[in-house]
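**Student:** Compute the structure for the input listed below.
(2 chains)
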Amino acid sequence: MDTLKNDFLKICEVAEKENVQVELMITGGESLKLGYQKRKLEKFEASQNQMAGFRVVDGFTQGYAYTENLSLDSLKLTFFEALKNAKTLKDEKTKSKIKFAEQSKIRELPFLNQAQDISMDEKLKVAATLESAALDFDPKIQSTPYCGLIESNGSKRILNSEGLDVSYKSSSYSGYTYSLAKDGESLKTNSCSRFVRDFKKLDAKLIAEKSAQDSIRALPAKKIKTGNYPVLIDKEEMSSFLGMLAPHLTAKNVLEGKSLLKGKLSQKLASPLFHLLDDPFHESGTASRPFDSEGSASQKTRLFESGTFMTFLTDIESSEKLGLKNTANASRSPSTSLDVDPSNLVVQLGQTTFDEMIRKYPQVVHITQVTGGLHAGYKQSTGDFSLPCEGFLFEFGKVVGPVDQFVISGNILQFLEQIEAVGTEYGEEGSSYLSPDLLIKSLSFAGEA
Amino acid sequence: MILPENRLQKTLDAALSTGADFADVFVEETYSSQLSILNQKADKAIVGTLFGAGIRLFFGDEIVYVTTNDLSEEALIKTALMAAKARGNQKRLAAEFLLKNSKFDSIHIYGEKPWEMNRDKKLKWMNAIDQHARARSSLVTQVESTLLEKFQKVQIANSKGLHKFDERAYSRMRVDTFVEIEGLKESSADNEGHMGTSELFDKVDLKKLAFDNVDRALLLTKAKYAPAGEMPVVISNSFGGVIFHEACGHGLETTSVAKNSSVFCGKLGQKVAHESVTAIDDGTIQNEWGSLNIDDEGMPTQRTTLIEKGILKSYLVDQMGAKQTGYAATGSGRKQSYKFAPASRMRNTFIDRGSDRFEDMVKDVDYGLYAKKMGGGSVNPGTGDYNFSVIEGYMIRNGEIQEAVKGACLIGRGIETLGNITKVSNNLKLATGMCGSISGSIPAAVGQPEILVSKMTVGGRA
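**Tutor:** Reported below is the predicted structural model:
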């Protein structure tokens, strides 16, 4: 018996009497986190969660409410909270009615849920290796401040009062190691992580040893002189730059006046080498899904072709307001309001190898770590960034040595214009931002005098 | 009280049944509300409740932590047994105990709860901010004001007989203002809030909050990019304290110290900062953003002197940190919600008052930066490398504050920077922030008087 559906239908009856439409999103799942420190199990965290989030549409406005208690009484109370919220926002000036998604053909993605029966001993062994293989790699590895295995199993279901009922399950494993290397007074950390759907593909030794090797390789780093340098952004660090671009790609931010791409459809904004796709079906993508957060069937969307900006990402409401096609990029969790976000942003592979890129200029800085995070160095309203980084200085194609304690500055739209070469392979870490290495003509560096 | 005492007693007894030497249970019921105004109309209204429990077991240095949404006796015992069997395989070793319910006594004062307060009153505050901002300048293109409220009830019991209850209210108003001049867009954001309920906003000068925000955005439209390179920096008070939070605070948490992953390991009693620096982490300030009654392990909060005249005096210690390092716990076990195991975290962390004058600091600088308003930051506790952004900055030349600059980011190494703080004023102010780490995102206040750092790397344009 589908208790949840029965309960939802009862709530739909109430909604009909109130003359409103209702949508219910239910997420649930289990996760297990295992981590070792000093060769002893330090972390064993198991969690189960479930949450129901209502979106109630009262003609022109919508209100939200959520709960972790899925009993019928609790769901009804939460529905009325969402209804109250919708009525709070009542605004007679709004002209277009909000619509719900209709049931449509959903593409199945079997790779998302590869149900596996892995014993606890196997998981513990992998978690232990994520630490021990780094510590055993070299005496210079002082510790692994963070390392561990995360197993996640989740589900998502959306029902609405127009008859839509869609759901999917997903499962994944992530292994990660941060190694802290010390050589004299020099300290350096580096991380490696992998996201897989198939447990057997998680190579804990490789993750730990790569993390250790990269930390040691970055010792002892020198400061770099302030100036302008050509830059090779490592494929595994491109997520920071695609993350800066992402909010500008959404129609919701156009409507709210927050997108730098507003009014720039069909314009050549980036290097002709730049092709960008929103791909919710990519097997290496962590944001793959068969439908979006309104229940609309997922689809691929070409965002940049040969540097030309092709379209914005939309949901039902923003597509209607801007007269664009719905790209099925509605995004929310049960506890948040509707937004528009990319699924997996994928930069198309190019034809220039790493070795060819570092030989393009007498000096090239290979950025291997963007250390700060965007909240401390990126201003979305202008696209300006100032990001602390680490990497390697190359001269005439040969590595001079590791460099750190510098900040690269620029603007994300100018960054796209300055792409000089695109690499030939993706990173292996698994991400919702997939890109090969990119060679950027010039960025400003703040380092030593 | 959220759950009856005997249910927690049975849960803890089940948790100890396979040889754990300690167990605690953290029960939470949290109401959250988000209300926002965008483009002069109410835009978002979301309310919800979190309801669940986390059960934690210590097997020596090993921690097992499990969570559940089902708070029935049967489910809690089942969850506790699952945790117990995850690592334990012996008979019960821990001593018998009986929970001793302690009286709830708050040092903080709360008014109407978020669900009791009339929503029109909340919308009135937000509309006022919108109107003040638009009245300030015709160049304002958009104002977004958001009121976030949270009321958390927690119940904590452990196998030493501790049984405590607490209530934590948080209210915070965020304002985002966007301006445009001849196609050039800029924005500014600010927050005002406290540990308490929303009647605060009857007292806050909302006009000033809106005006300051608009003025800053307009200033940035005229500002040139900051220069790049090393130079002296005067950092303002209030949110300027994020520098200590990042450069030092995280490295003093036993979460890093116990793993030998902090640059401050083994430095207790040693000089780690200039003698002008005394730093405090204080959870006892009434209704301050990062304050508590008890931490998330049930220990009363306290005022902890971290650095006194440059000498490292204490780490921030949670219960597992105390077990691993031997240092006494400082009431610093904190977490976002029952979904996270607690870890040692900061509360209200600040550099204490000094005796220097702001004017003298500026006079000391021939060529440098005045960082008037700071943005977010981050740190790598293992290396001490930190960074944070400057939202509002000015060049200093020949001892005088001059033109505004934008796009600056400050980076450095914690211990080096602490040694380079050469002047500290007596004008201490605190500000609200959200701190993210392994036990989630928690309210933590930062603060300081104005300080002079003799050398920092400024990330601007070369």
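**Student:** A:T353 touches A:V422, doesn't it?
**Tutor:** No - A:T353 is beyond contact range of A:V422, at 10.7 Å (criterion: CB atoms under 8 Å). Backbone N, C-alpha and C define where each C-beta goes, glycine included.
**Student:** For those two, indicate the residue with more neighbours.
**Tutor:** Neighbour comparison, A:T353 and A:V422: the larger count goes to A:V422, with 21 against 14 (by other CB atoms under 10 Å in any protein chain shown).
**Student:** Just the pLDDT for the more buried one.
**Tutor:** Residue-level confidence at A:V422 comes out at 98, pLDDT.
**Student:** Just give the nearest non-adjacent residue to it, would you?
**Tutor:** A:G350 (2.5 Å; CB to CB, 6 or more residues apart in numbering or on different chains).
**Student:** and the one you found, that's in a helix?
**Tutor:** No - A:G350: not assigned to a helix; according to DSSP: H, G, I helix; E, B strand; the rest coil it is coil.
**Student:** Spit out the contact partners of it.
**Tutor:** A:L273, A:A421, A:V422, A:G423, A:T424, A:P436 (CB atoms under 8 Å, 6 or more residues apart in numbering or on different chains).
**Student:** let's see 6 Å
**Tutor:** A:L273, A:V422, A:G423 (CB atoms under 6 Å, 6 or more residues apart in numbering or on different chains).
**Student:** now, which of those lie within strands?
**Tutor:** A:V422 (DSSP state E).
**Student:** out of the contacts of A:G350, who's nearest A:D183?
**Tutor:** A:G423 (30.2 Å; CB to CB).
**Student:** show me the contacts for the closest one.
**Tutor:** Residues in contact with A:G423, defined by CB under 6 Å, 6+ apart, are A:G350, A:P436, A:D437.
**Student:** Give me the local confidence score for residue 48.
**Tutor:** Because you didn't say which chain, this covers chain A. Looking at A:Q48, its pLDDT stands at 89.
**Student:** try again with chain B
**Tutor:** pLDDT, B:G48: 96.
**Student:** repeat for B:A462
**Tutor:** Taking B:A462 on its own, its pLDDT is 79.
**Student:** dump the residue contacts of it.
**Tutor:** Neighbouring residues of B:A462 by CB under 6 Å, 6+ apart: A:T226, A:G227, A:N228, A:S444, B:A228.
**Student:** is the residue lying closest to A:E81 once chain neighbours are set aside in a bridge, and if so with what?
**Tutor:** The shortest distance from A:E81 to any residue other than its chain neighbours is 3.7 Å, reached at A:A65 (CB to CB, 6+ apart). Beta-bridge partners recorded for A:A65 (DSSP bridges): A:F54, B:V47.
**Student:** Can you classify A:I367 as helix, strand or coil?
**Tutor:** Taking three-state DSSP, the label given to A:I367 is strand.
**Student:** Return the set of residues that bridge with the closest residue to it other than its chain neighbours.
**Tutor:** In space, A:I367 comes closest to A:G391 once its chain neighbours are excluded; the distance is 4.4 Å by CB to CB, 6+ apart. Applying DSSP bridges to A:G391 gives these bridge partners: A:I367, A:V403.
**Student:** A:G391: neighbouring residues, count only.
**Tutor:** For A:G391, the count of nearby residues is 25 (other CB under 10 Å).
**Student:** Which strand or helix spans A:F241?
**Tutor:** Using DSSP states H and E, A:F241 falls within helix A:238-245.
**Student:** Regarding stretch B:330-349, how distant is the last residue from the first?
**Tutor:** For stretch B:330-349, the first-to-last residue distance is 14 Å (CA to CA, to the nearest Å).
**Student:** if I pick the closest residue in space to B:D356 that isn't next to it in sequence, what's in contact with it?
**Tutor:** Ranked by CB to CB, 6+ apart and with sequence neighbours excluded, the top spatial neighbour of B:D356 is B:K423, at 4.0 Å. Shown in contact with B:K423 (CB under 6 Å, 6+ apart): B:D356, B:M361, B:L452.
**Student:** Let's have the contacts of A:G350 in CSV, adding distance to A:V370.
**Tutor:** Output for the contacts of A:G350, formatted as CSV (distance: CB to CB, whole Å):
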residue, distance to A:V370
A:L273, 22
A:V422, 19
A:G423, 17
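**Student:** count of residues packed around B:I156?
**Tutor:** 24.
**Student:** Number of residues surrounding whichever residue of chain A sits closest to chain B?
**Tutor:** The minimum distance from chain A to chain B, using CB to the nearest CB, falls at A:V407 (2.5 Å). Here the number of neighbours of A:V407 (other CB under 10 Å) works out to 31.
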